[in-house]
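Asker: quick one: sequence and predicted model below, then my questions.
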Amino acid sequence: MMVGVTTVLLLLVFSIALLNSCCVGLNVLVVGGSGRVGGSTVRWLKTLSDREQNPISITVGGRRSESYQAALRNKVIPSEGVDFVSLDIDGDESALKQTLEQWKNSCSPSDDGYMVVHTGGPFQGRTSPVLLRSCIELAMPYADVCDEFELAESSKELDQMAKAAGVPAIVSCGIWPGVSALMAAEGVDQLKKKGEASGEKVDIESIDYSFFTAGTGNAGPTIVSATFLLLATPVITFMNGIRQDKEPWTEMKEVDFGSGIGNKPVWLLDNPDVPTTAMYLNPDEKPPNCSSRFGTDPLPWNYLFGAMKALPRSLLYNRDAMQNFALFSEPIIRLVDKLVGATNAMRCDVTATNGNTTTLRIAHPDLEQCVGLATAAFALEMVKKDKQTVLPGVWFPSELGSEARKNILDVSKEDAFVYEL
C-alpha cells in the first residue's frame, strides 16, 4: 500500500514539474532593461503576454547589477520574475556572444524559443551591430530601438545572413522611430488605394514627420543625452530624390498635433525614419521628399538646444560626456517633467503627386509608457504562434507587411488620447 502511495506521489510531482517546464513560454533578454525605456519594455512584455495567457520569462541584461537592483527598488521593473545577466555590448564581441549563449543555455527549454530586445541607448557613436550579429549566429529573433541611421544601415547589411539563419529582426522600432514609420506606411497605402479606386497610379511626393515631447516624457537622462548627441549629427533629408544633409535644429515650423496639444514649434532633427521610409517603403519608386522635426516643452528648452549647437561638435558627440551632463542635470530634468508633464505626440503628413494629402496623428500622455508599449508590440509580433507576419531577415518598420503593421498599431494605440489614422 505504501509503495502505491509513494508511486502516486512521485507521479504527481513529476507531472507538476513537467507542467511547469511546459509553461516556461518565451524567453526574452531585454538589454538595457534597467533603464526607463528598457524597464517600460519589460513591464509591457509581461502585461501583453499575461493578457494573452502566453507564459514569458524575462531577463534584464546590463553592465552593472547595481542598476538592476535600483530598477527593482524603484519599481522600474517588476519586483519578481525578472532575472539579471551581466553583459557589455560595447566590449569584446566574442565575450558578448559567449554571454548570450550561456544565457540561452541557462533558460528552461521552450517551444516558444528565445528573443533579444535591445533598448540600451544612446545608440549614437556606435557603428557595428554586434548584438544583432551574435543573435543571428545563435538563431534568436532580435528587435532594437536604434535611432542612429548609420548603425541601422549596418544592421541592414546582415539581412541575407538573417534570412539564411531563419531569424527575424526589426531594427529602429519603438514609438519614434518605429510606430511613426508605420504611420507613414499607412498614409502611403491610403493615398495609393484612393488613386487605384479611381483608376489612377499614384506616386508619393512627400512624407513629413513631426514630433513633440513634453520635457523628457518621463524617459529620463538618456533621452536628453541622445538629443545632445543628435545636435551634433547632420540631419538626413530627401529632396527631389536625392539625400541632402542639413544643419540640425534649423527650419522651424509650427505644427498642429491635435486636440489637447495644439500648435507647437518643431525644428529639423535627425531621425532614421527619414532614410528608411524614403528608400525602403517603395524601393522601386523615386524616393519622396522627406524630413523630420522635433520640439519640446517648456519652450525655453528648445532655445537651449539651439544654443548648445555652439559647443564644439567633438564635445556634443562625446557619448560619455553628454550622458554625464544629463545625469548631472537630472534633478532639474525631473522638476521640469513634473511641471510640464510627459506627453508624446507624433504627426505624419503624406502628399501624393496628384495633390491628395493625408495627415495621421497619435498622442499619448507619457513617452516612457508608450515607447515601452510600442517596443513590446514589435517584439511580440515577431514570435506570434498563430501566424508568422514577420519573416526571417532584417527589417525596418516601414518594410513590414500590412497585417503586421495593423497588429502593432492596434496594440500601440492603448492609452492614446489622439489616434487619427
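Answerer: Perfect, thanks for sending it. Numbering: from 1, shown residues only.
Asker: quote the end-to-end distance of stretch 114-124.
Answerer: End-to-end distance of stretch 114-124 (Cα to Cα, to the nearest Å): 27 Å.
Asker: repeat for stretch 305-317
Answerer: 14 Å.
Asker: buried sites along it?
Answerer: Residues of stretch 305-317 classed as buried: 305, 308, 316-317 (neighbour count, 16 or more other Cβ atoms under 10 Å). Where C-beta positions appear, they are placed from N, C-alpha and C, glycine not excepted.
Asker: not counting its own residues, what contacts that stretch?
Answerer: 124-125, 227-229, 231-233, 248-249, 267, 296, 321-322 (Cβ atoms under 8 Å, 6 or more residues apart in numbering).
Asker: follow-up on the earlier one: show me the buried residues of stretch 305-317 that map onto helices.
Answerer: 305, 308, 316 (DSSP state H).
Asker: can I get the residues you listed in a markdown table including distance to Leu281 and pLDDT?
Answerer: Conversion of these to a markdown table gives the following (distance: Cβ to Cβ, whole Å; pLDDT from 0 to 100):
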| residue | distance to Leu281 | pLDDT |
| --- | --- | --- |
| Phe305 | 29 | 85 |
| Met308 | 33 | 82 |
| Leu316 | 31 | 72 |
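Asker: now Ala162: phi and psi?
Answerer: phi -70, psi -40 (degrees, to the nearest 10).
Asker: and for the one 4 residues further on?
Answerer: In this entry, Gly166 is assigned phi and psi values of phi 70, psi 30 (degrees, to the nearest 10).
Asker: which one of the ones in helices among the buried residues of stretch 305-317 is nearest Lys385?
Answerer: Phe305 (44.5 Å; Cβ to Cβ).
Asker: that closest one and Ser398: what is the separation?
Answerer: When distance is defined by Cβ to Cβ, to the nearest Å, Phe305 is 27 Å away from Ser398.
Asker: then Ala169?
Answerer: 15 Å.
Asker: which one of the two has more residues nearby?
Answerer: Ala169 (29 against 25; other Cβ atoms under 10 Å).
Asker: would that one count as being in a strand?
Answerer: Yes. Assessed by DSSP: H, G, I helix; E, B strand; the rest coil, Ala169 belongs to a strand.
Asker: mind checking how far it is from Val30?
Answerer: 15 Å.
Asker: equivalent analysis for Pro265, please.
Answerer: 35 Å.
Asker: neighbour-wise, which of those two wins?
Answerer: More crowded of Pro265 and Val30, by other Cβ under 10 Å: Val30, with 31 against 14.
Asker: mind checking the pLDDT average for the helix or strand hosting the more buried one?
Answerer: Following DSSP states H and E, one finds Val30 within strand 26-31. On average, the pLDDT along strand 26-31 is 97.
Asker: mind exporting the C-alpha coordinates of the next helix or strand after that strand to CSV?
Answerer: Using DSSP H and E, the helix or strand that follows strand 26-31 in sequence is helix 36-51. The C-alpha trace of helix 36-51 is given here as CSV (Å, rounded to 0.1, in the frame of the first residue of the first chain):
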residue,chain,number,x,y,z
ARG,A,36,13.5,53.9,-18.2
VAL,A,37,12.8,52.8,-21.8
GLY,A,38,14.0,49.3,-21.1
GLY,A,39,12.1,49.0,-17.9
SER,A,40,8.9,50.1,-19.6
THR,A,41,9.5,47.5,-22.3
VAL,A,42,9.9,44.8,-19.6
ARG,A,43,6.7,45.8,-18.0
TRP,A,44,4.7,45.8,-21.2
LEU,A,45,6.2,42.5,-22.4
LYS,A,46,4.9,40.9,-19.2
THR,A,47,1.5,42.8,-19.4
LEU,A,48,0.8,41.9,-23.0
SER,A,49,1.9,38.3,-22.6
ASP,A,50,-0.2,37.9,-19.5
ARG,A,51,-3.3,39.2,-21.3
